[in-house]
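>>> One predicted model, sequence on top.
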Amino acid sequence: MRVLAGHSQLRPASGSVNCRTRQNVAPFKIAAQRRAWATKPCPDSAVSRHGPSTIVRAVAEAVDQKSETGGLAVYDVDPQLRDFSDHLDYRWNQFQSVKGNIENAVGSLEDFSKGYEYLGFTRKDGKTIYREWAPGAKAAALIGDFNGWEPYWMNKDEWGVWSIELPDKEDGTPQIPHNSRVKIRLQSWGDWWCDRVPAWIKYATIPEGEMGAKYNGVYWDPPRGEKHLWRNRRPKRPQSLRIYEAHVGMSGEDEKVSTYAEFRDNVLPRIAKQGYTAIQLMAIQEHAYYASFGYHVTNPFAVSSRSGTPEELKSLVDAAHGLGLVVLLDVVHSHISSNADDGLAGFDLGQGQEANYFRSGEAGYHKLWDSRCLNYGHWEVQRYLLSNLRYWLEEFQFDGFRFDGVTSMLYQHHGINTAFSGHYHEYFGPQADVDACVYLMMANEVIHETHPDAITIAEDVSGMPTLCRPVQEGGLGFDYRLNMAIPDTWIRLLKEVRDEDWGMMDLVNALCNRRYTEKTVAYAESHDQALVSI
């Protein structure tokens with residue numbers, strides 16, 4: 001799908017949302033109250049001629065988190081936010097508190113986001129070490145091809161982390177061979193047993209040709225000669241984004257799931273030739289249900305095995321960089337597949353949310369998506385998600401992310417059956433999910449601090465103010481938001497309005513319905529329209 005990123009400077013966005021299922025949703029409407037501040041010219045720090053990383057740095061240098069008139073700097077950008085200063089100040093204080101606790105304990109968010117170097121499978125001093133946070137388990141054992149699926153029992157520390165160390169064999173080779181199957185066997189406090197795919201697994205597969213088979217974790221640590229060697233540097237961040245959205249598995253002409261290698265050789269050159277500056281890849285994180293188009297993620301750290309191996313995905317990203325294309329990952333942190341046998345949901349053994357990746361009760365279940373809602377306020381969940389972003393940036397050299405389902409994260413009601421008119425009281429108050437907002441603030445800070453040219457895009461249909469303002473100002477820190485009103489308007493025109501009845505004002509309203517100083521990705525069609533007929 002083709003999208004263009006432009007600068008938004010006209011007026012606040014508003015709309016109606018029924019989250020993922022939006023078939024009966026009306027297109028965004030211009031907010032009823034036209035705000036005088038919304039027609040101000042953009043400040044120099046946000047003019048599109050500047051690179052986005054320059055914008056972030058300039059704002060950070062020019063504006064402290066406290067405004068000239070007192071309070072957060074976002075109040076100077078949008079004075080009407082002062083009416084909701086109680087909520088926004090509370091959100092900022094929560095961010096400062098959570099971040100401060102992490103820094104006091106670990107040193108920095110940057111160090112905190114390297115969890116994949118400690119948890120999961122790691123190598124150190126001639127040993128293979130496996131660690132797993134599973135506080136809901138009474139006992140745990142590592143099983144796999146390497147030990148004939150006989151349990152090697154693990155030890156638990158005071159924080160609920162189970163671990164085991166496996167010294168190398170006498171010939172110097174690891175006990176767990178590369179590309180061999182592994183799982184963790186857990187005993188619940190109810191004394192029932194289950195086998196689970198490790199939460200931090202980097203690769204997961206199913207037996208070929210076996211219908212309904214469960215996924216197995218795969219220990220991925222290729223020998224030196226099989227590891228991908230990076231050949232190309234990351235391109236500089238483009239001044240103007242022209243994004244090509246793609247699903248690798250659906251990118252070929254044959255009736256089969258296409259591979260990373262096929263996409264690299266056959267599709268990438270065509271994308272570059274057509275003048276695009278970025279690719280956005282869907283369905284990269286492993287997902288057991290293929291028809292979810294990659295949005296019911298089971299294993300957030302694992303590369304989708306249907307299209308190839310981690311090394312082959314690295315080769316794709318490397319080739320894209322060689323063509324001058326930045327590569328964005330469509331990352332799903334808004335929910336997790338409820339499939340317990342194949343993924344992260346399997347670590348919910350009935351324990352409370354104080355020791356769980358997921359919230360308890362109704363708050364932990366998304367009724368429209370039939371999926372689990374993450375416990376964003378928990379230390380280990382924050383480490384898991386921040387490390388997940390860092391892993392894709394560092395190990396696969398992705399250049400940024402499109403965050404899927406952000407509306408569902410921003411609100412306790414997930415946007416379900418909620419019409420957003422543009423009035424600010426709809427965004428701030430008890431309905432807002434402050435824990436999720438704090439996580440997104442930390443996510444954007446980690447991404448931009450470790451990779452200043454990285455790009456973050458939020459899929460939000462609600463039009464929440466401050467979404468794309470820098471964290472230093474009290475915003476959530478995204479670089480762009482998707483203008484989801486445009487495809488809604490386009491589809492409505494095609495389906496319901498005769499060509500001669502198209503109204504110029506409707507087109508202008510759809511194209512200009514953007515928040516002042518917050519940059520927008522404009523597009524006429526995406527996977528929502530092309531694949532699920534929204």
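Ah, there it is.
>>> contacts and neighbour counts: CA atoms only from here.
Noted.
>>> list the buried ones in stretch 461-472?
Taking 16 or more other Cα atoms under 10 Å as the basis for neighbour counts, the residues of stretch 461-472 that come out buried are Val461, Ser462, Gly463, Met464, Pro465, Thr466, Leu467, Cys468, Arg469, Pro470, Val471, Gln472.
>>> what distance separates it from the centre of its chain?
On the basis of Cα atoms, centre = their mean, to the nearest Å, the separation between the geometric centre of stretch 461-472 and that of its chain is 16 Å.
>>> same check, this time on stretch 378-388
Averaged over its C-alpha atoms, stretch 378-388 has a centre that lies 12 Å from its chain's centre (Cα atoms, centre = their mean).
>>> and that stretch, which residues are buried?
In terms of neighbour count (16+ other Cα under 10 Å), stretch 378-388 has its buried residues at His378, Glu380, Val381, Gln382, Arg383, Tyr384, Leu385, Leu386, Ser387, Asn388.
>>> Return the member of these nearest to Asp479.
Out of these, the one with the shortest distance to Asp479 is Leu386. That distance is 17.5 Å, counting by Cα to Cα.
>>> Over to that closest one: give its phi and psi.
Reported as degrees, to the nearest 10, the phi and psi values for Leu386 are phi -60, psi -40.
>>> what's the distance between it and Arg91?
The gap separating Leu386 from Arg91 is 19 Å, by Cα to Cα, to the nearest Å.
>>> Can you tell me the closest non-neighbouring residue to Thr450?
Nearest in space to Thr450, with sequence neighbours left out and distances taken as Cα to Cα, 6 or more residues apart in numbering, is Glu110 at 7.2 Å.
>>> So what's the residue count around Arg498?
For Arg498, the number of neighbouring residues by other Cα atoms under 10 Å comes to 9.
>>> same question but for Lys273, I mixed them up
Close neighbours of Lys273, defined as other Cα under 10 Å, add up to 9.
>>> do Thr277 as well
Neighbourhood size, Thr277 [other Cα under 10 Å]: 23.
>>> ok, now which ones touch it?
Pro238, Ser240, Leu241, Arg242, Ile243, Gly324, Leu325, Val326 (Cα atoms under 8 Å, 6 or more residues apart in numbering).
>>> make it 10 Å
Applying Cα atoms under 10 Å, 6 or more residues apart in numbering, one finds that Thr277 lies in contact with 4, 235, 237-244, 271, 320, 323-327.
>>> where are the low-confidence patches of the stretch 401-534 of the chain?
527-534 (pLDDT under 70).
>>> all helices for it, in order.
Counting by DSSP state H, counting those that start in this stretch, the stretch 401-534 of the chain has these helices, from start to end: 406-410, 434-450, 485-496, 504-512, 527-530.
>>> In CSV, list those along with distance to Asn147 and mean neighbour count.
As requested, the helices of the stretch 401-534 of the chain are arranged in CSV below (distance: least, Cα to Cα, whole Å; neighbours: other Cα atoms under 10 Å):
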stretch, distance to Asn147, mean neighbour count
helix 406-410, 41, 26
helix 434-450, 38, 22
helix 485-496, 53, 17
helix 504-512, 60, 14
helix 527-530, 43, 14
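>>> ok, back up a step: state the distance from the residue nearest to Thr450 to Ile447.
When Cα to Cα is applied, the distance between Glu110 and Ile447 equals 9 Å.
>>> on that earlier part again, same list, the buried residues of stretch 378-388, but as TSV with pLDDT, distance to Tyr439 and secondary structure please.
Below are the buried residues of stretch 378-388 laid out as TSV (pLDDT from 0 to 100; distance: Cα to Cα, whole Å; DSSP: H, G, I helix; E, B strand; the rest coil):
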residue	pLDDT	distance to Tyr439	secondary structure
His378	98	10	coil
Glu380	98	12	helix
Val381	98	10	helix
Gln382	98	7	helix
Arg383	98	10	helix
Tyr384	98	11	helix
Leu385	98	9	helix
Leu386	98	8	helix
Ser387	98	12	helix
Asn388	98	13	helix
